[in-house]
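**Student:** Got a predicted structure here, sequence first:
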Amino acid sequence: MEVYNESKNQILSDYDLNKGYLEADILKCELPQVDEVKSQGHYETIKVYENGGRDVKWVVDVEGVSFKPARVEFKDILVYIPFSPEQQRAFDLKRLRAIREEECFSIINRGQLWYNGLNSLQLSELQLWYKKWLNITEKYVDGISFDLLIPEKPSWIK
C-alpha cells in the first residue's frame, strides 16, 4: 500500500515511525477521459525467397488505447502523520520504559540465589545502575539521543 504525506500529494518512500505514525485513508483520483487510439505499425521483412516470396512480421509503432470515459476512482492508502511535540514525548518515554523493561528489569528481577552470589562491590554497582534506570524518564529531554540516557551496564553482568 502506498504511503503519502499529510497533504496526500506526495508518495513517501522514507518515513520514520519513531517520529510519526501511519493512518489508513482513501485517496480520490479524478481520471480524465482517454480517447481511443488505433494501433499503428508496419511490416518488416524477415526472409526473402528466390521465387520472390517473403516472410514478414507486423511491428507495432504505436500501441492502441481503448476509449475510457472520465471517472473518479478511490484507492486505499496510508498517510504518514508526524507526531506533535506532546505525542513525540509520550512515544519516546514509552520506548524508554520498554527498553528499561528489557535491559534492566530482566536482570534486577533475578532470584535471590543470583543475588546471593554477588559481592558487596557488585551489589553496590547493581543498585547504582538500577537507580539510574529508574530515573531515566526524569532525565529525558525532548530530542535527546537515547544512547546518551541509557546507563552503562556493569561489565560483570551477563
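**Tutor:** Happy to help now that I have it. Numbers count the residues shown, from 1 in each chain.
**Student:** low pLDDT regions in the protein?
**Tutor:** Along the chain, no part satisfies pLDDT under 70.
**Student:** Would you map the helices across this protein?
**Tutor:** Along the chain, the segments classed as helices by DSSP state H run 85-100, 106-108, 112-116, 120-134, 136-139, 146-149.
**Student:** need those in a markdown table with mean neighbour count and distance to L12, can you?
**Tutor:** Where C-beta positions appear, they are placed from N, C-alpha and C, glycine not excepted. Output for these, formatted as a markdown table (neighbours: other C-beta atoms under 10 Å; distance: least, C-beta to C-beta, whole Å):
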| stretch | mean neighbour count | distance to L12 |
| --- | --- | --- |
| helix 85-100 | 14 | 18 |
| helix 106-108 | 13 | 36 |
| helix 112-116 | 9 | 47 |
| helix 120-134 | 14 | 35 |
| helix 136-139 | 13 | 31 |
| helix 146-149 | 12 | 24 |
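**Student:** for these, which one sits closest to K38?
**Tutor:** helix 85-100 (55.9 Å; C-beta to C-beta).
**Student:** Quick check: the residue of the chain positioned farthest from its centre vs L148, distance?
**Tutor:** The outermost residue of the chain, judged against the average C-alpha position, is N51 (66.5 Å), by C-alpha atoms, centre = their mean. According to C-beta to C-beta, to the nearest Å, N51 stands 87 Å off from L148.
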